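*Asks:* here is my input, please return the structure:
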Amino acid sequence: MIALCGAFSVLVLTAGLAAACLRLAQATAYALAVYVFAWTEVVMLGEALSLTHAAGTAGYAVALALLLAAALGAWHLRGRPRPPRPVLRPLNLRRHPLLVLLALAVGAALVYEAFVVVATPPNNFDSMTYHLSRAAAWYQDGGIHFLNAHTARENLLPPNSELGILFTFVFLGRDTFAAAPQFLAELAVLAAIYGCARRLLFPRSGALFAALTTATLTEFALQSVTTQNDLVTAAFVSCGAFFLLGRSRRELPLAALALGLALGTKTTAAFALPALVLLALAVVPRRRLVELAAWSAAAFAAVGAYGYVLNLRETGHVIPSSPEFARFHPRVTAAGTISTGARVLYRFVDLSGYYKTPFQVLWGIDQRGEEVFHLLRIDPNPPEATSASFGFYPNRQADEDISYFGVLGVLLVLPLAFGYAGALVLRRTSAARGLVGLALPLYVLALAVGYAYNPWIGRFMLVPVALAMPLAARLYPFRLLAGIAAVVAIGTLGAAHAYNRTKPTGLFGGTPIWRMSRPEAQGLTSPYMAGAIAALDQRVPARARVAVVFASDDWDYPVYGPELERRPVEFTSVGAAERSGLHWLVLGDGVRPPRSGGWRSELLANRWTLVWRLPAAQLAAAGAPQDSTVTSRQ
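*Replies:* Coordinates of the predicted model:
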């Protein structure tokens, strides 16, 4: 813990000195610059150290020390500039009770989220399958490289967010702070939304209302306690928009860095490019557009391109095709694109956490939705644009994989985004405000062209919603509407956390996640996995090398163990694993154990099969024939 705190302090201090050298005028700009510079350090150090497999404690410590020395030198040469001081003009709290109420609710939620981050293990599906798995493999191997992995996602997807997780692994040796990048990203998103609202010339009170309301939207709250990468992507894109709106030459490199970081975190960040390009054309002076383009190219090369270059070297393609990804690629048609866009927008009708909503309300929404699609002649499930079927019944589960943004998603976010987009067309608003609103429709259109519809697509919408939320500042002067929105927002935030499926509080029955054992907590989202993980930890030594044979959706992260000391070695067949000479094998669901002699196998909680090699002397002493396998069940 001391090592991680020390490394993080050096990281932030170095970023703070670099940001001070820019002599930014606003405290919000300085804070977001520190955030962007700190992530730039994390990514560039991870990439550079990976080249020599030196991404370990010693490698990071030396590199951080060198960066700090360089930052101190640059800061001294620049005349030791000080960070800008916040403008301390406190609001009259008696005039803004809604802000006080929202701030108290959001503050309590942030404290709770921080507690969940450090007190509970990661346990959502994608994290168990590849997010944490790839970071754990890099931790053991000293950096990023192509893995012998059961899923292409461990190799082909951009690595930036997992480089943040790797940073925590290196200095702590376990996943206690693995969700910290997402939690810190939420804080950055809130600061960027406040800053964007101010740069769109909304008053401070309205900007605070917009930022605090964003923290209550369901998907923002749920993702903040996970090791996904959607919030991290949204934070980078929001920072990019903020620095573009600054229109300052010294902020152009920061906008470019934020965009490069976003593209190196998740490929879906590219869907925000049309809106960001239009915003740059509208607000950046023409004489500086070429300069912005040059900075963007350099930033992408430094902090965005590593994963794509690695793909090109290993596969011959920047974004290789894979059977796992093929089902999400649509055959682009006008009807399919319209349908996907309509389905994504319909899913903004979201009741996550509101389990007691009357059936009549749910059925009414279902019927009205079906009628609208029929009236507009929109096919709800065109085969060319559908990966998993769509239905009109509104979601009530508080689950980061399928939730959208709660009640305010459809009552606040969509009206603001489409309202300002329409006002832009009618020339009834400024270009900057109109383009911020247009960001959401443009993102949905790009997403519909590039992605087949599936129930998990809502996570991607964190990016355009973060871009649109500064416009919520416009609602605050209408105090009755703002008050209603605040009450709904607080209720939505409470429901999201109280009934979070992957981080249960016990209010819905059962045990709170922080009182569960690690296997119980990790296995919440998949039947039988808790028993399989517990049995594996009990039977296999903590530092064993384990041969594994898994399908693409099997969970390989738990095989590493709670201290990340166990080393899985993945094989594509049982025969290859058997010939490896390793004494332990873990086989995925449905994979048959070896038939040759000298092995014993055990089915772990009807999920995994654990197989281990018996010495010949032990087989002879037991009188067992050496050409047979002894099998037992738990």
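
*Asks:* and the residue positioned nearest the centre of the chain, what does it touch?
*Replies:* Nearest to the mean C-alpha position of the chain, by C-alpha atoms, centre = their mean, lies Asn229 at 1.8 Å. Listed by C-beta atoms under 8 Å, 6 or more residues apart in numbering, the contact set of Asn229 reads His131, Asn160, Ser161, Glu162, Gln182, Thr265, Lys266. Every residue, glycine included, has its C-beta placed from N, CA and C.

*Asks:* could I get the full set of strands for the protein?
*Replies:* Under the criterion DSSP state E, strands of the chain are mapped to 545-549, 567-570, 584-587, 599-604, 608-613, 630-633.

*Asks:* returning to what we had before: leaving out chain neighbours, which residue sits closest to the residue nearest to the centre of the chain?
*Replies:* Ranked by C-beta to C-beta, 6 or more residues apart in numbering and with sequence neighbours excluded, the top spatial neighbour of Asn229 is Ser161, at 3.5 Å.

*Asks:* quick check: that neighbour vs Gly491, distance?
*Replies:* Distance, Ser161 to Gly491, by C-beta to C-beta, to the nearest Å: 30 Å.

*Asks:* neighbour count: the two, which is higher?
*Replies:* Ser161 (29 against 16; other C-beta atoms under 10 Å).

*Asks:* give the contact list for that one.
*Replies:* Applying C-beta under 8 Å, 6+ apart to Ser161 gives the contacts His131, Pro181, Gln228, Asn229, Val232, Thr233, Thr265, Lys266.

*Asks:* same check on Leu424?
*Replies:* If a contact means C-beta under 8 Å, 6+ apart, then Leu424 has Ala431, Arg433, Gly434, Leu435, Gly437, Leu438 as its contacts.

*Asks:* let me see the domain layout of this protein.
*Replies:* The chain resolves into domains spanning 2-106+123-200+213-322, 334-498, 529-633 when parsed by automatic domain parsing.

*Asks:* of all the ones you listed, which one is nearest Ser517?
*Replies:* For Ser517, the closest of the domains of the chain is domain 529-633, at 7.1 Å, according to C-beta to C-beta.

*Asks:* low-confidence stretches in the stretch 501-634 of the chain?
*Replies:* Along the stretch 501-634 of the chain, the model assigns pLDDT under 70 to residues 596-597, 615-634.

*Asks:* name the nearest residue to Ala472, sequence neighbours excluded.
*Replies:* Using C-beta to C-beta, 6+ apart, the closest residue to Ala472 is Ala210 (3.9 Å).

*Asks:* any idea how far that neighbour lies from Gly246?
*Replies:* Distance of Ala210 to Gly246, given as C-beta to C-beta: 18 Å.

*Asks:* which one's more surrounded, these two?
*Replies:* Using other C-beta under 10 Å as the criterion, Ala210 and Gly246 rank with Ala210 on top: 27 against 24.

*Asks:* pLDDT wise, what is the more buried one at?
*Replies:* pLDDT, Ala210: 98.

*Asks:* surely it and Leu467 touch.
*Replies:* No. Ala210 lies out of contact with Leu467 (C-beta atoms under 8 Å); the separation is 11.8 Å.

*Asks:* now do the shared contacts for those two.
*Replies:* Both Ala210 and Leu467 lack any common contact, where contact means C-beta under 8 Å, 6+ apart.

*Asks:* quick revisit: may I see the ChimeraX selection of the buried members of the contacts of Leu424?
*Replies:* Selection of the buried residues among the contacts of Leu424 in ChimeraX, burial being defined by 16 or more other C-beta atoms under 10 Å:
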select :433,434,435,437,438
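
*Asks:* and the two most separated of the contacts of Leu424?
*Replies:* Distances among the contacts of Leu424 were taken as C-beta to C-beta; the most separated pair is Ala431 and Gly437, at 10.9 Å.

*Asks:* Arg543 - how many residues pack around it?
*Replies:* Number of residues near Arg543 (other C-beta under 10 Å) recorded here: 10.

*Asks:* kindly report the same for Ala551.
*Replies:* Using other C-beta under 10 Å: Ala551 sits among 11 other residues.

*Asks:* could you measure from it over to Ala152?
*Replies:* According to C-beta to C-beta, Ala551 stands 12 Å off from Ala152.

*Asks:* kindly report the same for Glu324.
*Replies:* Between Glu324 and Ala152 the computed distance is 5 Å (C-beta to C-beta).

*Asks:* what residues are shared contacts of those two?
*Replies:* In terms of C-beta under 8 Å, 6+ apart, Glu324 and Ala152 are both contacted by the residues Ser552.

*Asks:* more neighbours: which of those two?
*Replies:* Ala152 (17 against 14).

*Asks:* need the phi and psi values for that one.
*Replies:* With angles defined as degrees, to the nearest 10, Ala152 sits at phi -60, psi -20.

*Asks:* give me the nearest residue to it, chain neighbours excluded.
*Replies:* Ser322 (4.1 Å).

*Asks:* again, but for Phe167
*Replies:* Nearest non-adjacent residue to Phe167, counting by C-beta to C-beta, 6+ apart: Val42, 5.4 Å away.

*Asks:* separation between the one you found and Gly336?
*Replies:* Val42 is 39 Å from Gly336, by C-beta to C-beta.

*Asks:* can you show me the CA trace of stretch 588-605 as PDB?
*Replies:* Output of stretch 588-605 as PDB, limited to C-alpha atoms (Å, rounded to 0.1, in the frame of the first residue of the first chain):
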ATOM      1  CA  GLY A 588     -13.700 -25.100 -19.000                       C
ATOM      2  CA  ASP A 589     -17.300 -26.100 -19.000                       C
ATOM      3  CA  GLY A 590     -17.900 -29.100 -21.300                       C
ATOM      4  CA  VAL A 591     -14.200 -29.800 -21.900                       C
ATOM      5  CA  ARG A 592     -13.400 -33.500 -21.300                       C
ATOM      6  CA  PRO A 593     -10.400 -34.400 -19.100                       C
ATOM      7  CA  PRO A 594      -7.500 -36.400 -20.400                       C
ATOM      8  CA  ARG A 595      -8.100 -40.100 -21.100                       C
ATOM      9  CA  SER A 596      -4.500 -41.200 -20.700                       C
ATOM     10  CA  GLY A 597      -3.100 -42.600 -17.400                       C
ATOM     11  CA  GLY A 598      -1.600 -40.800 -14.500                       C
ATOM     12  CA  TRP A 599      -4.400 -38.100 -14.100                       C
ATOM     13  CA  ARG A 600      -7.100 -37.500 -11.500                       C
ATOM     14  CA  SER A 601     -10.000 -35.100 -12.200                       C
ATOM     15  CA  GLU A 602     -12.600 -33.400 -10.200                       C
ATOM     16  CA  LEU A 603     -15.600 -31.400 -11.300                       C
ATOM     17  CA  LEU A 604     -15.600 -28.100  -9.400                       C
ATOM     18  CA  ALA A 605     -19.100 -27.000  -8.600                       C
END
